[in-house]
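Participant: Got a predicted structure here, sequence first:
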Amino acid sequence: MVLRTAVVGAGIVSRNNHLPALARNPRTDLVAVCDLERDAAREAAAEYDCAAFVDPDRLLETETLDWLHVATPVQTHADLTVAALEAGVPVLVQKPAATTVAELERMRAAAADAGVPFSVVNNWLYYPVVRTVRRRIGAGEIGDVRAVEVTVAGEGAPDETYRGDWVLDLAGGDLEEGLPHPIYLALGLGGVPRSDEAIDVRTRTADEYDDVDYDGASIQYVSVDDALCSISVLSGSARDNRVRVYGTEGSLHVDVPTMTVDRHDADSGPYHFQNERNRRHLEKLRTALAAAETEAVRYARARLEDALERHTEESQDGHYYLLNEAAKAIEHGERPPVSPEVSRWTLDIIERIREAASAGPESVSGPASSAVSNGGDRP
């Protein structure tokens, strides 16, 4: 089965990810691109030899579709997704799925009523290094997960963006547009919160902005499996993107820029002994050498995919891998790879961050603002 697929939105994320991934996937046939900017739609359609539309409703009326990708500003996600679902077309929508939990619930209800699936792009979960970590956790290599830490530091100023002015309408500006990534990583690796009361959120504003409420956030929660999950997102600092998963038998430390996984054994140390420090140095050296070798292979495979204009099932491209898994799910009538529950909790936490940031005025040098109320009963 080849899925007749269209993309709404011909901006940066579509041109860099959705359109080339769909064009290279044997499971999909890219038949149309839609964008309110006529020139953008025509340019993309000419490049990928498909139809151009400026009206999403006209697209749904004209084309017989098996799949629709929504890659537009988040403020438009709910209406576009619901319209497609009501037309019986499965949808894959860019993150964040919507601006609020209420919008997401409307999308989920439309999918349930129509009996067709919709899913959200959580591509960081499908980076090769994160796929490796998830497999190793699933294989029981580090025992039971006791804690997960995700840090995304060194993000750009929240009031500056290359994505479009729509980002500046978000409470956290450009920072909030990327906020789902570390949140769904923690949810995917450590599990979802066990209750509303299990979540604590703090925000800070280190600089002054005209229309941005926060430029840093810290989240903690206890998962359904009793893992302590921590997420930190910062702008205006040195870059340090990392993921750490602590288990009863060991831990896995991921350096995202180098795609390196460093394992710690539960019986290592204590490190005030010189021989243990020496052993740890050797372990880190072996990890670095193995990572360099793995990265060289990944690079070669990625270049080959580009040269052949064809991705593989185990593609190094996180977007392609996720899109391919989502296509397979539609093809076989299975659940999409990204759980609606993860998307629900992602937006729940983002809403809590907004509430924490708006709880009261902050001093640039003062303490972080503290967390919000539990937000009431979940639907």
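Facilitator: In hand now; what should we look at?
Participant: name the helices or strands packed onto the helix or strand harbouring Arg277?
Facilitator: Arg277 belongs to helix 274-308 when assigned by DSSP states H and E. For helix 274-308, the packing partners by 3 or more CB pairs under 8 Å, 6 or more residues apart in numbering; DSSP states H and E come out as strand 260-265. The C-beta positions use only the backbone N, C-alpha and C, and glycine is treated the same way.
Participant: What is the strand it packs on packed up against?
Facilitator: The contact analysis (3+ CB pairs under 8 Å, 6+ apart) places strand 260-265 against helix 128-138, strand 250-255, helix 274-308.
Participant: between the first one and helix 274-308, how many degrees?
Facilitator: Here helix 128-138 points in a direction 130 degrees away from that of helix 274-308 (axes from the mean of the first three to the mean of the last three CA atoms, to 10 degrees).
Participant: now helix 128-138 against strand 260-265, angle please.
Facilitator: With the same axes, to 10 degrees defining the directions, helix 128-138 sits at 20 degrees from strand 260-265.
Participant: Each with direction, which strands does whichever helix or strand comes after helix 128-138 pair with?
Facilitator: Downstream of helix 128-138, the first helix or strand assigned by DSSP H and E is strand 145-155. Strand pairing for strand 145-155, using DSSP bridges, gives strand 228-235 (parallel), strand 242-247 (antiparallel).
Participant: how far is the longest one from where the chain is centred?
Facilitator: Its chain's average C-alpha position is 14 Å from that of strand 228-235, according to CA atoms, centre = their mean, to the nearest Å.
Participant: Residues in contact with that strand: which ones?
Facilitator: 146-158, 175, 178-179, 182-183, 186-187, 190-191, 193, 206, 215-223 (CB atoms under 8 Å, 6 or more residues apart in numbering).
Participant: tell me the most buried of the helices and strands packed on strand 260-265?
Facilitator: Of all the helices and strands packed on strand 260-265, strand 250-255 carries the top mean neighbour count, a mean of 20, counting by mean count of other CB atoms under 10 Å.
Participant: Just give me how far it sits from the chain centre.
Facilitator: The answer for strand 250-255 is 20 Å, by CA atoms, centre = their mean.
Participant: For it, name the packing helices and strands.
Facilitator: Checked by 3+ CB pairs under 8 Å, 6+ apart, strand 250-255 has helix 128-138, strand 242-247, strand 260-265 packed alongside it.
Participant: Buried residues in the last one, which are they?
Facilitator: Along strand 260-265, these residues count as buried under the neighbour rule (16 or more other CB atoms under 10 Å): 260-262, 264.
Participant: Please tabulate the residues you listed in TSV, including the columns distance to Gly138.
Facilitator: What follows is the buried residues of strand 260-265, written out as TSV (distance: CB to CB, whole Å):
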residue	distance to Gly138
Thr260	20
Val261	14
Asp262	19
His264	19
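Participant: doesn't Glu103 make contact with Glu351?
Facilitator: No: Glu351 is not in contact with Glu103 according to CB atoms under 8 Å; the separation is 10.9 Å.
Participant: coming back round to it: could you dump the helices and strands packed on strand 250-255 into TSV with mean pLDDT and distance to Leu36 added?
Facilitator: Below are the helices and strands packed on strand 250-255 laid out as TSV (pLDDT from 0 to 100; distance: least, CB to CB, whole Å):
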stretch	mean pLDDT	distance to Leu36
helix 128-138	94	34
strand 242-247	96	37
strand 260-265	88	42
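Participant: Compare the strands paired with strand 145-155 and report which one is nearest to Val120.
Facilitator: Judged by CB to CB, the one of those that comes nearest to Val120 is strand 228-235, at 17.7 Å.
Participant: Kindly export the closest one (C-alpha atoms) in CSV.
Facilitator: This file holds the C-alpha atoms of strand 228-235, laid out as CSV (Å, rounded to 0.1, in the frame of the first residue of the first chain):
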residue,chain,number,x,y,z
LEU,A,228,12.3,10.8,39.3
CYS,A,229,12.4,12.7,36.0
SER,A,230,14.0,16.1,35.7
ILE,A,231,14.0,18.5,32.7
SER,A,232,16.0,21.7,32.4
VAL,A,233,15.7,24.1,29.5
LEU,A,234,17.8,27.3,29.4
SER,A,235,18.6,30.1,27.0
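Participant: next SSE after the lowest-mean-pLDDT helix or strand in the chain?
Facilitator: Lowest on mean pLDDT, DSSP states H and E among the helices and strands of the chain sits helix 274-308, with a mean of 81. Next helix or strand after helix 274-308 toward the C-terminus (DSSP H and E): helix 318-332.
Participant: Pull the residues that contact that next one.
Facilitator: 1, 3, 17-18, 21-22, 24-25, 27-28, 66-67, 90, 92, 117, 119, 121-128, 130-131, 311, 313-315, 334-338.
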